[in-house]
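Trainee: Based on what follows, work out the 3D shape:
(chains A and B)
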2 protein chains.
Amino acid sequence: MIDGNTEIIAHIGYPTFSFKSPEIYNPYFEQAGINAVVVPMGCQAADYPAFLKAVFRLTNIRGALITMPHKVVTVDLLDEVSPMVRVAGACNAVKRLPDGRLVGDMFDGAGFVRSVQRQGVPVAGLSALVVGCGGVGAAIAASLAAAGLARMGLYDINAASQQALAARLKDNYPGIQVDTGSKDPQGYELVVNATPLGMNANDPLPMDVSRLSPKTFVGEVVMAAEVTPFLAAARARGCRTQVGSDMLYEQIPAYLEFFNLQSTSAEHLRSLAMVRPSALA
Amino acid sequence: MIDGNTEIIAHIGYPTFSFKSPEIYNPYFEQAGINAVVVPMGCQAADYPAFLKAVFRLTNIRGALITMPHKVVTVDLLDEVSPMVRVAGACNAVKRLPDGRLVGDMFDGAGFVRSVQRQGVPVAGLSALVVGCGGVGAAIAASLAAAGLARMGLYDINAASQQALAARLKDNYPGIQVDTGSKDPQGYELVVNATPLGMNANDPLPMDVSRLSPKTFVGEVVMAAEVTPFLAAARARGCRTQVGSDMLYEQIPAYLEFFNLQSTSAEHLRSLAMVRPSALA
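Mentor: As a prediction, the model looks like this:
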């Protein structure tokens, strides 16, 4: 129950319709007696720099969760960022230090990799294709690299984003083979849609699923539907899949710690959440 | 339950600790199936103009409730204000029109007067002392004048605020006798504390209660406690009193209509609210 002592975690992005965080964090806050609330705040790109600054002047702001399309631009709006943010080139969590400085971190990728590993897929030594090199794709690529991936394919419709991520990866992980420019999933053991395709009903699929091997493990970041058209097509090919919310649940304990709030397990969070349970669960 | 489709009503002021609106509006929204939420946003004076502008760029902002210390400054930050705002010199509700213009209105005073009248006190022809000529005091004075008050005493520690309100009242209601410069309640049939005194534990009383006649009806705007020290002292003198939340409940249907949300009665709102019921109820 929100009252005059409630602290805000601003969930900032646009559009907001597919946001799931309020329905995951808020039931946990209520159950744990934490007087905080995640509030969706729809903010378009042109308004974002001024809004981020303004919202962090509020006296009851606990932090912000940043999502599309702002994860990349956020990096340059803060006073301090974590090493993961620098490698990923993207940031999705911001808090204000007591001295007023804004600091950012990024746990999207860690949530994705941890969820893959929990489903029995060893990341070390594998090959992976990441389609979409915006904020979340870059974070996933960075965490896959940190987990010991052997070969990485990167693709983005924006060639500059793709090449910048490839360069950051090569700089930080010279032992990984990085290929760019193709979204053909053939030959990859792990394939990830990290584009927004699937958020709207008429979106095309992010890649040619007829080129997916049934042995490939397929992940998704879109959460507009529990099983997106892309995941449905991958399942029809016989692939094992991971839904967008799996990545989300696995990363939340890290965000709670970042915001200096009492944390809990991904399983506990999922048991309390008011969104439909994962079709994989 | 907040989700990605939830619209925000920003409750902006500082400090936020005594805010009651979230606990009144939100249970009603939930019961009525309205996907909106009132969120307290603590904003200090220096940050307010930029924050107000930024928050109204959000794609899911439904409106804002403005409270101390921003009600007066808001008047000059909007594109359009109601006649009541012009007389009161204060504004506590803002919405964005489809063309992007920000418009403001003010129902504090109407809520106060309606609540007084419902308790059987006819305002027309009476005398009233309003102590505190900031946003809420000015709104109450304007609504008392509109309801036919015969004589009005105004006092504020800030002489300029007091004189400006007196001038606006005389301009708009030349038939009312307006006296300024004294907070002595003797001789008034209706007395109102419209200062923030009572929000903090060690605040002095807003006036000398030993000068209150038991026949005087005493109202309060502070809601930090249901019965403030001032109201307790007035009751000890034998006065009938009206708590801050009475004004609040009576004005809410008007705000719901202003925000183009399904409205209801003050009684229905009070029955659903999660705050302690009025000690007068």
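Trainee: Might you report the residue contacts of the closest residue to chain B within the stretch 151-281 of chain A?
Mentor: Closest residue of the stretch 151-281 of chain A to chain B, Cβ to the nearest Cβ: A:Met274 (5.6 Å). Yep, even glycine has a C-beta here, placed from its N, CA and C like the rest. A:Met274 makes contact with A:23-24, A:26-27, B:1, B:3 under the criterion Cβ atoms under 8 Å, 6 or more residues apart in numbering or on different chains.
Trainee: Out of those, who's the most crowded?
Mentor: A:Asn26 (23 neighbours; other Cβ atoms under 10 Å in any protein chain shown).
Trainee: what's whatever helix or strand that residue lives in packed up against?
Mentor: A:Asn26 is part of helix A:21-32, with elements assigned from DSSP states H and E. Packing contacts for helix A:21-32, counted by 3 or more Cβ pairs under 8 Å, 6 or more residues apart in numbering or on different chains; DSSP states H and E, involve strand A:7-13, strand A:36-42, helix A:244-258, helix A:266-272.
Trainee: Distance-wise, check A:Phe56 relative to chain B.
Mentor: 10 Å (Cβ to the nearest Cβ, to the nearest Å).
Trainee: Could you check how many residues crowd around the closest residue to that residue other than its chain neighbours?
Mentor: In this structure, A:Phe56 finds its nearest non-sequential neighbour in A:Arg96, 5.2 Å apart by Cβ to Cβ, 6 or more residues apart in numbering or on different chains. The number of residues packed near A:Arg96 is 18, by other Cβ under 10 Å.
Trainee: Tell me which residues touch A:Arg96, please.
Mentor: Contacts for A:Arg96 were tallied using Cβ under 8 Å, 6+ apart; they are A:56, A:61, A:63, A:102-103.
Trainee: Of those residues - the most surrounded one?
Mentor: Busiest of those [other Cβ under 10 Å] is A:Gly63, holding 23 neighbours.
Trainee: that's a strand at that residue, yeah?
Mentor: Yes. Counting by DSSP: H, G, I helix; E, B strand; the rest coil, A:Gly63 is located in a strand.
Trainee: Verify the stated contact: it with A:Val94.
Mentor: Yes. In terms of Cβ atoms under 8 Å, A:Gly63 counts as a neighbour of A:Val94; the distance is 6.2 Å.
Trainee: Skipping adjacent residues, who's closest to the residue nearest the centre of chain A in space?
Mentor: For chain A, A:Asp108 is the residue whose C-alpha lies nearest the centre (Cα atoms, centre = their mean; 3.6 Å). Nearest residue to A:Asp108, sequence neighbours excluded (Cβ to Cβ, 6+ apart): A:Ala139, at 4.0 Å.
Trainee: and the residue nearest to A:Tyr255 when sequence neighbours are not counted, how many neighbours?
Mentor: Nearest residue to A:Tyr255, sequence neighbours excluded (Cβ to Cβ, 6+ apart): A:Ala93, at 5.6 Å. Here the number of neighbours of A:Ala93 (other Cβ under 10 Å) works out to 24.
Trainee: pLDDT added to the contacts of A:Arg96, as CSV?
Mentor: Listed next are those as CSV, based on pLDDT from 0 to 100:
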residue, pLDDT
A:Phe56, 98
A:Ile61, 98
A:Gly63, 98
A:Leu102, 98
A:Val103, 98
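Trainee: right, and the pair among these with maximum separation?
Mentor: A:Ile61 and A:Val103 (13.4 Å; Cβ to Cβ).
Trainee: ok, back up a step: closest to A:Glu220 among the contacts of A:Met274?
Mentor: Nearest to A:Glu220 among those, with distances taken as Cβ to Cβ, is A:Ile24, at 16.9 Å.
Trainee: Now do the contacts for that closest one.
Mentor: By Cβ under 8 Å, 6+ apart, the residues touching A:Ile24 are A:248-249, A:252, A:269-270, A:272-275.
Trainee: Tabulate the residues you listed (a markdown table), appending pLDDT.
Mentor: Converted to a markdown table, the contacts of A:Ile24 look like this (pLDDT from 0 to 100):
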| residue | pLDDT |
| --- | --- |
| A:Leu248 | 84 |
| A:Tyr249 | 89 |
| A:Ile252 | 92 |
| A:Leu269 | 91 |
| A:Arg270 | 88 |
| A:Leu272 | 91 |
| A:Ala273 | 86 |
| A:Met274 | 80 |
| A:Val275 | 69 |
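Trainee: Show the buried residues in those residues.
Mentor: The neighbour-count test (16 or more other Cβ atoms under 10 Å in any protein chain shown) applied to the contacts of A:Ile24 identifies A:248-249, A:252, A:269-270, A:272-273, A:275 as buried.
Trainee: So of those residues, which two are at opposite extremes in space?
Mentor: A:Leu248 and A:Leu272 (13.6 Å).
Trainee: helices and strands around the lowest-mean-pLDDT helix or strand in chain A, which ones?
Mentor: In chain A, no helix or strand scores lower on mean pLDDT, DSSP states H and E than helix A:83-88, which sits at a mean of 86. Contact here means 3+ Cβ pairs under 8 Å, 6+ apart; on that basis helix A:83-88 packs against strand A:102-105, helix A:108-118, helix A:135-146, helix A:159-172.
Trainee: Can you name the element that comes right after that helix?
Mentor: strand A:93-96.
Trainee: mean confidence for that next one?
Mentor: Taken as a whole, strand A:93-96 has an average pLDDT of 97.
Trainee: ok, now which ones touch the residue nearest to A:Tyr255?
Mentor: By Cβ under 8 Å, 6+ apart, the neighbours of A:Ala93 are A:63-66, A:104-107, A:255, A:258-259.
Trainee: That one pairs with what?
Mentor: On the basis of DSSP bridges, A:Ala93 is bridged to A:Leu65, A:Asp105.
Trainee: Distance of the residue nearest to A:Lys95 when sequence neighbours are not counted relative to A:Glu257?
Mentor: In this structure, A:Lys95 finds its nearest non-sequential neighbour in A:Gly63, 4.2 Å apart by Cβ to Cβ, 6+ apart. Note on A:Gly63: its distance to A:Glu257, by Cβ to Cβ, to the nearest Å, is 11 Å.
Trainee: Ok, A:Leu231 next?
Mentor: In terms of Cβ to Cβ, A:Leu231 sits 30 Å off from A:Glu257.
Trainee: Neighbour count for the two, which is higher?
Mentor: For the pair A:Leu231 and A:Glu257, the greater number of neighbours falls to A:Leu231 (25 against 13), based on other Cβ under 10 Å.
Trainee: Enumerate every residue touching that one.
Mentor: A:218, A:220, A:241, A:243.
Trainee: Just want the phi and psi numbers for it.
Mentor: Dihedral angles of A:Leu231 (phi, psi; degrees, to the nearest 10) stand at phi -70, psi -40.
Trainee: How about the one 10 residues further on?
Mentor: Recorded main-chain torsions at A:Thr241 are phi -130, psi 160, according to degrees, to the nearest 10.
Trainee: Can you tell me who it pairs with across the strands?
Mentor: Residues in beta-bridge contact with A:Thr241 (DSSP bridges): A:Val218.
Trainee: pretty sure it is touching A:Glu220, no?
Mentor: Yes. Using Cβ under 8 Å, A:Thr241 makes contact with A:Glu220 at a distance of 7.1 Å.
Trainee: which of those two has more neighbours?
Mentor: A:Glu220 (26 against 23).
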